[in-house]
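> Please find the sequence and the predicted model below.
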Amino acid sequence: MVLIIDLGNTNRKFALFKNGRLKALKIEPDVSLAFIRSFVNEHPGITHCILASVIPYPPSVKKYLKRTFFFIELDEHTPLPFINCYKTPITLGKDRLAAAVAGHLRFRNEPVLVIAAGSCITYDFINKQGEYLGGSISPGIRMRFQALNTFTGKLPLIKGKIPASLTGTTTRESILSGVINGALAEVDGIISQYQQMHSELKVIISGGDMKYFDKRLKIRTFAIPNIVIEGLFKILELNAGTID
């Protein structure tokens, strides 16, 4: 059994894989050695672990995981199933890297654009030659709402909802239109530019805010909610061999 730990900006995810399938997923607001010990004790039989983090975490956690399991911490030196052409691999978010791995393995020998809608909206592109070329990062839905509230004197902080009217008739509706429809138009536009260069492009949408985009984009996309978790499992499998 495999333990996958994904420490993101918003959520900390702890997942269990058995026989190559996701069996359990727990989301926590924070990470601690006490919680991980408790989680491991609740699920006997874990033999392997991979961790990816975009935030600092207690050194005691890494020490415990290395001592207890076959352990990998994803970094710029970890072997991957594609060629990483990113010019600054040390600065590449590990969540982006794992998502790109999952997308590439889902559609081998085809160009793939992986879009993750979370704290940020990230775009990661792998060409049909199996080369990860990079992508782009823009503010996520909540970040856009927060920016309007923070950097203006009177605009309120609101939460998103779908659908949002194109023409807002109140300040609240206008903010919703600008943020939701603006983000939707951005994603459609980015996809269109990639399509012009790669007509056979496959597009994956994922992340906690994928609900704002899934089935509302102009072209067909593949919705994969836990693509980072899937990618981390594939990376561990690549480096550890077959895992029960």
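Good, I have the coordinates. Numbers count the residues shown, from 1 in each chain.
> all helices for this structure, in order.
All helices of the chain, identified by DSSP state H, fall at 33-42, 59-68, 94-106, 141-150, 171-176, 182-197, 227-240.
> among those, which is nearest Ile219?
Closest to Ile219 of the helices of the chain, according to CB to CB: helix 182-197, at 6.1 Å. Every residue, glycine included, has its C-beta placed from N, CA and C.
> picking that back up, for the helices of the chain, give me a markdown table that also has mean pLDDT.
Shown next, in a markdown table, are the helices of the chain (pLDDT from 0 to 100):
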| stretch | mean pLDDT |
| --- | --- |
| helix 33-42 | 91 |
| helix 59-68 | 94 |
| helix 94-106 | 96 |
| helix 141-150 | 96 |
| helix 171-176 | 95 |
| helix 182-197 | 96 |
| helix 227-240 | 94 |
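> Nearest to Lys211, out of those?
Of all the helices of the chain, it is helix 141-150 that lies closest to Lys211, at 9.7 Å by CB to CB.
> by contact count, what packs against the closest one?
Contacts defined by 3 or more CB pairs under 8 Å, 6 or more residues apart in numbering; DSSP states H and E place helix 141-150 against helix 182-197.
> Format the CA atom coordinates belonging to the helix it packs on as CSV.
Provided in CSV are the C-alpha atoms of helix 182-197 (Å, rounded to 0.1, in the frame of the first residue of the first chain):
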residue,chain,number,x,y,z
GLY,A,182,-13.2,36.7,-17.2
ALA,A,183,-11.4,33.5,-16.0
LEU,A,184,-13.5,31.4,-18.3
ALA,A,185,-12.6,33.6,-21.3
GLU,A,186,-8.9,33.4,-20.3
VAL,A,187,-8.9,29.6,-20.2
ASP,A,188,-10.8,29.4,-23.5
GLY,A,189,-8.3,31.8,-25.0
ILE,A,190,-5.2,29.9,-23.8
ILE,A,191,-6.6,26.6,-25.0
SER,A,192,-7.3,28.2,-28.4
GLN,A,193,-3.8,29.4,-28.8
TYR,A,194,-2.4,26.0,-28.1
GLN,A,195,-4.9,24.4,-30.5
GLN,A,196,-3.7,26.6,-33.3
MET,A,197,-0.2,25.2,-32.9
